[in-house]
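A.B. asks: test case, fold it:
(one chain, ligands or ions: 1)
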Amino acid sequence: MRRTGFLYDERFLLHRTGPEHPESPERLSAIHRGVEEAGLLSSLILISAIRAKQEWIEAVHSMKLIMRFEEACLWGLDMLDHADNRISRETFETAMLAAGGIIEVVDRVMKGDLDNAFCAVRPPGHHAEVNRVMGFCFFNNIAIAARYLQDKWRIRKIGIIDFDVHHGNGTQMIFDDDPSVFFYSIHEHPSFAYPGTGREFEKGSGSGLGFTLNSPVLPGQGDKEYKELLQRDLFPAFQEFKPEVILVSAGFDAHIDDDMSDIKLSTECFSWIMEKIVGMADRYSHGKVISILEGGYAIHRLPELSKNHIEILLGSKA
Ligand SMILES: [Zn+2]
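C.D. replies: This next block holds a predicted model:
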């Protein structure tokens, strides 16, 4: 079995979004319960959150955004800019803990203490842009991890795979002109889904042209189309790019039972995707894969989906 890290911290539950909001603390409790009831905790290396240094956040986000976010929480406001981004007094600190915990995981993987990891964090991150919070996301966790890998660990080929059902617009924008980060996203077609970006012609810009790749999927489609598109688009792209580290924006909202989208992935297809990702990590990046939770709102499905995800990282799933 591999040495798999599991980042989870009860303080991630302190970001409260109110009774009607789908991005609820219960999502994370369900994930933890699934891992615990499957008896996996003793096989995992448990990582607690640490508070991020502000410089790690500033490597991605503007000071103006960081300060507005912190002040909104201190003032006791109930949202930041949009009703999607509900906040409580603890939201800023929770976001700092999530990002800091992920950086701790990055360090442990790069030092060789861990082979790979799953970071069960809230709030999610992939919609957050340099200057803008969006779609339940405040700090772009995966972008912060990628920047840290560049700055601290001098990694020059980072592969990001985003299989959340929504396009990772923030991550794409942040690395749009950066040829050292290959961003791949598969998601529901932007004509039908939030946030309205992620078309096939979006391929990066400047020296980053060709290092962004999007596979939009029409509503109603599922396992067959996802497998075909991943084989057509992602696998050859990563075979050529050969990332030194793979980061995953793991959203489980393309599941057939998740009412956030009209994509109909089975539980088994999520396992298939993760097995392929771990296989690519074995081939190109010495197994280094760090998976970070994004969306996933079918609370009754999250325990099994996260259990399977972690078993594949551990290498213990038959
Ligand atoms: Zn999503």
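A.B. asks: ok, Glu70 touching Phe92?
C.D. replies: Yes. Using C-beta atoms under 8 Å, Glu70 is in contact with Phe92, at 4.7 Å. No exception for glycine: its C-beta is placed from N, CA and C like everyone else's.
A.B. asks: please identify which of the two sits among more neighbours.
C.D. replies: Using other C-beta atoms under 10 Å as the criterion, Glu70 and Phe92 rank with Phe92 on top: 21 against 16.
A.B. asks: may I see the buried residues of stretch 40-54?
C.D. replies: Within stretch 40-54, the residues scored as buried using 16 or more other C-beta atoms under 10 Å are Leu40, Ser43, Leu44, Ile47, Ala49, Ala52.
A.B. asks: of the residues you listed, which belong to strands?
C.D. replies: Within those, residues falling in strands by DSSP state E are Ile47.
A.B. asks: and the furthest pair within the buried residues of stretch 40-54?
C.D. replies: By the measure C-beta to C-beta, Ser43 and Ala52 form the most distant pair in the buried residues of stretch 40-54, at 27.6 Å.
A.B. asks: now do the same contact list for whichever residue of the stretch 201-318 of the chain sits closest to the ion.
C.D. replies: Nearest residue of the stretch 201-318 of the chain to the ion: Gly295, at 2.9 Å (C-beta to the ion). Counting by C-beta atoms under 8 Å, 6 or more residues apart in numbering, Gly295 makes contact with Glu23, Pro124, Phe136, Asp164, Val165, His166, Gly251, Phe252, Asp253, Met260.
A.B. asks: now, the residues you listed that are in helices?
C.D. replies: Using DSSP state H, no member of these falls in helices.
A.B. asks: Val130 should be in a strand, yeah?
C.D. replies: No. Counting by DSSP: H, G, I helix; E, B strand; the rest coil, Val130 is not found in a strand; it is coil.
A.B. asks: OK, contacts around it?
C.D. replies: With C-beta under 8 Å, 6+ apart, Val130 has these contacts: Val60, His61, Ser62, Leu65, Met173, Ile174.
A.B. asks: which among those count as buried?
C.D. replies: By 16+ other C-beta under 10 Å, the contacts of Val130 give Val60, His61, Leu65, Met173, Ile174 as buried.
A.B. asks: in a markdown table: those, plus distance to Glu275 and secondary structure.
C.D. replies: Shown next, in a markdown table, are the buried ones among the contacts of Val130 (distance: C-beta to C-beta, whole Å; DSSP: H, G, I helix; E, B strand; the rest coil):
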| residue | distance to Glu275 | secondary structure |
| --- | --- | --- |
| Val60 | 30 | coil |
| His61 | 34 | coil |
| Leu65 | 37 | helix |
| Met173 | 30 | helix |
| Ile174 | 28 | helix |
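A.B. asks: what average pLDDT does stretch 93-110 get?
C.D. replies: Stretch 93-110 shows a mean pLDDT of 98.
A.B. asks: starting at the chain centroid, how far to it?
C.D. replies: Relative to its chain's centre, stretch 93-110 lies at 13 Å (C-alpha atoms, centre = their mean, to the nearest Å).
A.B. asks: and that stretch, which residues are buried?
C.D. replies: Within stretch 93-110, the residues that count as buried by 16+ other C-beta under 10 Å are 93-106, 108-110.
A.B. asks: just stretch 263-283 next, same as before
C.D. replies: For stretch 263-283, a neighbour-count test (16+ other C-beta under 10 Å) marks 263-265, 269-274, 276-278, 280-282 as buried.
A.B. asks: so what does the closest residue to Gly76 other than its chain neighbours have for phi and psi?
C.D. replies: Nearest residue to Gly76, sequence neighbours excluded (C-beta to C-beta, 6 or more residues apart in numbering): Arg89, at 6.0 Å. Per-residue torsions, Arg89: phi -60, psi -30 (degrees, to the nearest 10).
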